[in-house]
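A.B. asks: predicted structure and sequence below. I'll ask about it afterward.
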Amino acid sequence: MPRIRLDTDGPVVTVRLDNPPMNAFDDHQREELAARARELADARGVRAVVLYGGERLFAAGADIKALSAMGPEEVRGWNRALQRTFDEIARLPMPVVAAVTGYALGGGMELALAADYRVAAADAVLAQPEVQLGIMPGSGGTQRLVRLIGPSRAKNLLMTGRRVSAEEALRLGLVDEVVPADAVLDTALGYARQLAEGPPAALEAIKEAVDHGADASLSAGLALERSLFTAVFGTEDATHGIRSFLEHGPGKAHFKSP
């Protein structure tokens, strides 16, 4: 049975994890997620993606039973593959919104961190509990978390493995919006649809500038920004958007590029 489902609603695609009961990342689900990420990266007409685990939970992380049977060499290959898969999600050219319900633990939280925006249910719980097993996060938790909330707060969550409520996650900047549990998917889809109405080339360039510029010096980041700005300025969307602004005022342009 498929572990990943794609639900298409115009320019927005929902990537739904479907590996009950906990959406744990076994090899099958990881391979399917990687394949779907590669499809979406090259898909014409897809302008925003929503990550969703279902009404009960987002994802509870790795399949610990399977990991316990692996030796160091095998686990290194497994980890490399999962890290690469989450990187493929993070590098999607279009905006990615995570709709977090229930639990987002370990690899589940790391997948949510790979999104550009996170909507969480009021009763959601997030954690990187690996340290409680005598190990550490290995699929982006130590790197994306520190970039999102800073080193001191990241170390606290990583070194204690404690669970974080949606309210605290919002306060920390770990999630961007908290809504009632039954409104999570609709809220995420609404935001994704809003972004999907924007100019695709500009949105991709903004994502690239922020993600890659954050890892560079200020001067290198500014150079990247300048290069991307120049490239975007030459697109059909820019021509249309500027003309619309001059003729009709701000916020009136409708972008139709694939």
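C.D. replies: On my side now, so go ahead. Numbers count the residues shown, from 1 in each chain.

A.B. asks: list the buried residues of stretch 42-60.
C.D. replies: Within stretch 42-60, the residues scored as buried using 16 or more other Cβ atoms under 10 Å are 43, 46-54, 57-60. Just so you know, the C-beta spots here come from the backbone N, C-alpha and C atoms, and that holds for glycine as well.

A.B. asks: hang on, I meant stretch 64-71
C.D. replies: residue 67.

A.B. asks: what's in contact with the helix or strand of the chain with the lowest mean pLDDT?
C.D. replies: Lowest on mean pLDDT, DSSP states H and E among the helices and strands of the chain sits helix 64-68, with a mean of 84. Identification of contacts with helix 64-68 by Cβ atoms under 8 Å, 6 or more residues apart in numbering yields 24, 26, 27, 75, 78, 133.

A.B. asks: next helix or strand past it?
C.D. replies: helix 72-90 (DSSP states H and E).

A.B. asks: report the mean per-residue pLDDT for that next one.
C.D. replies: Averaging pLDDT along helix 72-90 yields 94.

A.B. asks: which helices and strands sit right next to that helix?
C.D. replies: Packing partners of helix 72-90 (3 or more Cβ pairs under 8 Å, 6 or more residues apart in numbering; DSSP states H and E): helix 27-41, helix 107-113.

A.B. asks: could you rerun that using 6 Å?
C.D. replies: helix 27-41 (3 or more Cβ pairs under 6 Å, 6 or more residues apart in numbering; DSSP states H and E).

A.B. asks: flag whichever of the buried residues of stretch 42-60 scores worst on pLDDT.
C.D. replies: Among the buried residues of stretch 42-60, residue 60 has the lowest pLDDT, at 90.

A.B. asks: so who does that one touch?
C.D. replies: 22, 24, 103, 105, 108 (Cβ atoms under 6 Å, 6 or more residues apart in numbering).

A.B. asks: what about the nearest residue to it once chain neighbours are set aside, how many residues nearby?
C.D. replies: Excluding its sequence neighbours, the residue lying closest to residue 60 (Cβ to Cβ, 6 or more residues apart in numbering) is residue 22, at 3.9 Å. Residues lying near residue 22 (other Cβ atoms under 10 Å) number 18.

A.B. asks: re earlier: run the chain-centre distance for the least confident helix or strand of the chain.
C.D. replies: In terms of Cα atoms, centre = their mean, to the nearest Å, the centre of helix 64-68 is found 25 Å from the chain centre.

A.B. asks: I'm done for today, thanks for sticking with me.
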